[in-house]
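Participant: below: sequence and its predicted model.
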Amino acid sequence: MPHLIDTHVHLTSSRFQGDLDRVLARAHAAGVGTMINVGVDERDSAEAVAQSERFPKVWAAVGVHPHCAAEVSPRYLENLTALAKNRRVIAIGETGLDFYRDLSPRPIQERVFREQLALAAELNKPVIIHSREAHDQTLQVLREMSPPRSGVAHCFSGSGKVLDAFLELGFYISIAGPVTYPRSHQLRSLLGEIPADRLLLETDAPYLAPLPHRGKRNEPAFVKLTYERVALTLEVELEQLARQVRANAARLFWG
């Protein structure tokens, strides 16, 4: 069975309360040997770190999602810095811009995004980028202050032009469950444009479950379905794809 890595999951979600141990057992049974548990605000990031200490296969990223940018405390950067010093924390994020839902005012989103990019540079950690309906603005900020360890455009959904721009900045590209959806022709067509050594795969669980679980709670075990669809599209063996993604994740997050 291939050793799979889920490079983006939210195990702290309330949707996993009550059966997290069973969720992780199913992930193990599906061959998921490593998970990166991503924080979305200060409290959530602290819980992600605590879970990473509890579960050996789980690592953590700490950050503030653009939806939560307006709610940061005055000491949030100090709090993230303290959390990031834990040996189980391998990235800053997720952070970025979301102009689709606009749950935080755009100027605040950008300020908090820039501050976290500066923090990533200071701590020499990669960043996990969220960008929705804000690719031009996200890329402009990254061009101005991209951290030296680069990072990953998580749950990528942009155009070929956006893909090229992220790649030019040295970023990795992570593909999630939507690649399995019938109408995701453009996303599948771009898979061949992603250099093999820049490709990552994820669930973004509990969100964006792949087929045939679309509309239901996503979980790390389902990342295997995304691997299978990507392997089919790229016409490579599943084991080969799994090895490549593990190597890419190791280079970015642990290198």
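Facilitator: Thanks, I have it. Numbers count the residues shown, from 1 in each chain.

Participant: number of residues surrounding Gln51?
Facilitator: Neighbours of Gln51 under the rule other Cβ atoms under 10 Å: 20. Where you see a C-beta, it was placed from the backbone N, CA and C, and this is true even at glycine.

Participant: wait, a helix at it?
Facilitator: Yes. Residue state for Gln51 (DSSP: H, G, I helix; E, B strand; the rest coil) corresponds to a helix.

Participant: please tell me how far it sits from Leu24.
Facilitator: When Cβ to Cβ, to the nearest Å is applied, the distance between Gln51 and Leu24 equals 10 Å.

Participant: overlap of the contact sets of these two?
Facilitator: With contacts taken as Cβ atoms under 8 Å, 6 or more residues apart in numbering, Gln51 and Leu24 have Leu11, Val58 as neighbours in common.

Participant: just how off-centre is stretch 39-51 within its chain?
Facilitator: Its chain's average C-alpha position is 14 Å from that of stretch 39-51, according to Cα atoms, centre = their mean, to the nearest Å.

Participant: and what of stretch 187-206?
Facilitator: Put simply, stretch 187-206 sits 11 Å off its chain's centre (Cα atoms, centre = their mean).

Participant: quick check: mean pLDDT of it?
Facilitator: Across stretch 187-206, pLDDT averages out at 98.

Participant: how about the CA coordinates for that stretch, as CSV?
Facilitator: Listed in CSV are the C-alpha atoms of stretch 187-206, where the atom choice follows Å, rounded to 0.1, in the frame of the first residue of the first chain:
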residue,chain,number,x,y,z
LEU,A,187,-8.0,21.9,-13.1
ARG,A,188,-7.3,18.5,-14.5
SER,A,189,-5.9,20.0,-17.7
LEU,A,190,-3.4,22.0,-15.6
LEU,A,191,-2.0,19.0,-13.8
GLY,A,192,0.5,18.3,-16.6
GLU,A,193,1.7,21.9,-16.3
ILE,A,194,2.8,21.5,-12.7
PRO,A,195,6.4,20.3,-12.5
ALA,A,196,6.5,16.9,-10.8
ASP,A,197,8.8,18.3,-8.1
ARG,A,198,6.3,21.0,-7.1
LEU,A,199,3.1,19.0,-6.8
LEU,A,200,1.4,18.4,-3.4
LEU,A,201,-2.0,16.7,-2.6
GLU,A,202,-4.4,17.4,0.2
THR,A,203,-7.9,16.9,1.5
ASP,A,204,-8.6,20.3,3.2
ALA,A,205,-10.8,18.1,5.4
PRO,A,206,-13.5,18.4,6.6
